[in-house]
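> please find the sequence and the predicted model below.
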Amino acid sequence: MRLHHIPLRVATGAFILNSGLGKRNLPAENAAALQNMAANAFPFLKQMDPKTFGTFLSTSEIGIGAALLAPIVPPFVAGAALTAFGGGMMTMYWRTPGMHEGGSPKPTQDGTALAKDSWLVGAGLTLLLDGLKK
């Protein structure tokens, strides 16, 4: 891990790890609500059991957060994981009705919570691109 990556990796890693840990024992109805929102972007998720989806989501967030915090994970790998995660969030934002003004990326009031996750894509791409140079 490069010294200048530490602030970015700690900020994103701690946030995502905390989010995943908070979802470890997600009640089925909460998991189902998150699953329905995610299924707007990724329809195949509708086929999952809500409890399984909650476990999958929690485990994914814990893994990505831990990878960002672990100094042994190369910046390219950490950046690729963060970019994929952030890209998924942006796909949900774009495909969920009511999150943005029609035909515009400008968020509605309801969409601001997802639109702010665009920083994850920027942070991930920064690590990914910096990891390409030797």
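Sure, I can see it. Residues are numbered from 1 along each chain as shown.

> check which residues of the lowest-mean-pLDDT helix or strand in the chain are buried.
None of the helices or strands of the chain scores lower by mean pLDDT, DSSP states H and E than helix 112-115, at a mean of 90. Across helix 112-115, burial judged by 16 or more other Cβ atoms under 10 Å covers 114-115. C-betas here are computed from N, CA, C, even on glycine.

> got a list of contacts for that helix?
Residues lying outside helix 112-115 but in contact with it, judged by Cβ atoms under 8 Å, 6 or more residues apart in numbering, are 89-90, 92-93, 96, 99-100, 105, 107.

> go on, stretch 66-79?
The contact list for stretch 66-79 (Cβ under 8 Å, 6+ apart) reads 1-2, 5, 9-10, 12-14, 16-17, 81-82, 123-132.

> of these, buried ones?
Among these, those classed as buried by neighbour count (16+ other Cβ under 10 Å) are 1, 5, 9, 12-13, 16-17, 81-82, 123-128, 131.

> show me which of the residues you listed is closest to N30.
I16 (18.1 Å; Cβ to Cβ).

> check which helices and strands the strand or helix carrying the closest one is in contact with.
Using DSSP states H and E, I16 sits within helix 6-22. Counting contacts by 3 or more Cβ pairs under 8 Å, 6 or more residues apart in numbering; DSSP states H and E, helix 6-22 is packed against helix 50-69, helix 75-95, helix 118-132.

> distance to A33 for those - can I get that in CSV?
Conversion of the helices and strands packed on helix 6-22 to CSV gives the following (distance: least, Cβ to Cβ, whole Å):
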stretch, distance to A33
helix 50-69, 9
helix 75-95, 13
helix 118-132, 21
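
> grab the nearest non-local neighbour of the residue nearest to the spatial centre of the chain.
Taking Cα atoms, centre = their mean, the centroid of the chain lies closest to F85, which sits 3.7 Å from it. Distance criterion Cβ to Cβ, 6 or more residues apart in numbering; nearest residue to F85, sequence neighbours excluded, is I64 at 5.3 Å.
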